[in-house]
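Participant: fold the stuff below for me.
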Amino acid sequence: DDFKLDQNNWKHLVLVHQALKEPATGQQSFSSVKHPTVSQTIPTLECLADWWQEMANDPQYTLIADAIKHGLKNVDKYYKKMSDSDVYFICLVLDPNYKLAYVEDRWDTQDVVDGRAHLEAL
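Facilitator: Below is the predicted model of the structure:
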């Protein structure tokens with residue numbers, strides 16, 4: 001009886017499952033053995049951050065909002081580490097699926113200018 005889940009426990013688990021679905025999908029996209037996936041790193045992390053930010057602000061997810069916010073801090077940590085290397089940006093803009101259009105649509109103008117300068121310096 002101590003290990004029985006009540007209705008509130010199940011509701012909590014459903015919310016956790018929904019919050020973890022996106023990173024699981026992202027992880028699967030990196031599991032490709034047929035083609036390189038480094039160009040997908042930036043879009044995947046940005047998508048995850050957007051998704052979790054929406055969840056953290058949604059009253060439906062109040063029960064797990066603190067956990068989601070901790071997850072966002074981890075995403076931000078890895079995003080900052082990624083910015084220490086030009087490889088991610090270069091692979092992204094050289095990928096015909098993304099090109100510069102992706103960053104021009106999503107990033108601040110100065111970040112795009114900086115990224116282009118790094119690319120042109122090579």
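Participant: element containing the most centrally placed residue in the chain?
Facilitator: Closest residue to the average C-alpha location of the chain: Leu45 at 2.2 Å, with C-alpha atoms, centre = their mean. Per DSSP states H and E, Leu45 falls inside helix 41-57.
Participant: about what we covered before: model confidence for the residue nearest to the centre of the chain, exactly?
Facilitator: At Leu45, the model reports a pLDDT of 91.
Participant: surely it meets Lys80?
Facilitator: No: using C-beta atoms under 8 Å, Leu45 is not in contact with Lys80; the gap is 10.5 Å. Backbone N, C-alpha and C define where each C-beta goes, glycine included.
Participant: tell me where this protein has strands.
Facilitator: Here the chain has no strands by DSSP state E.
Participant: show me which helix runs longest in it.
Facilitator: Scanning the chain for the longest helix, with DSSP state H as the assignment, gives helix 7-29.
Participant: identify all contacting residues around that one.
Facilitator: 5, 37, 40, 44-45, 47-48, 51-52, 55, 60-61, 63-64, 67-68, 71 (C-beta atoms under 8 Å, 6 or more residues apart in numbering).
Participant: one more: stretch 53-63?
Facilitator: Lys11, His12, Leu15, Gln18, Ala19, Ala65, Ile68, Lys69, Leu72.
Participant: rerun that using 10 Å as the cut-off
Facilitator: With C-beta atoms under 10 Å, 6 or more residues apart in numbering as the test, stretch 53-63 has contacts from 8, 11-12, 15-16, 18-19, 22, 52, 64-69, 71-72, 75.
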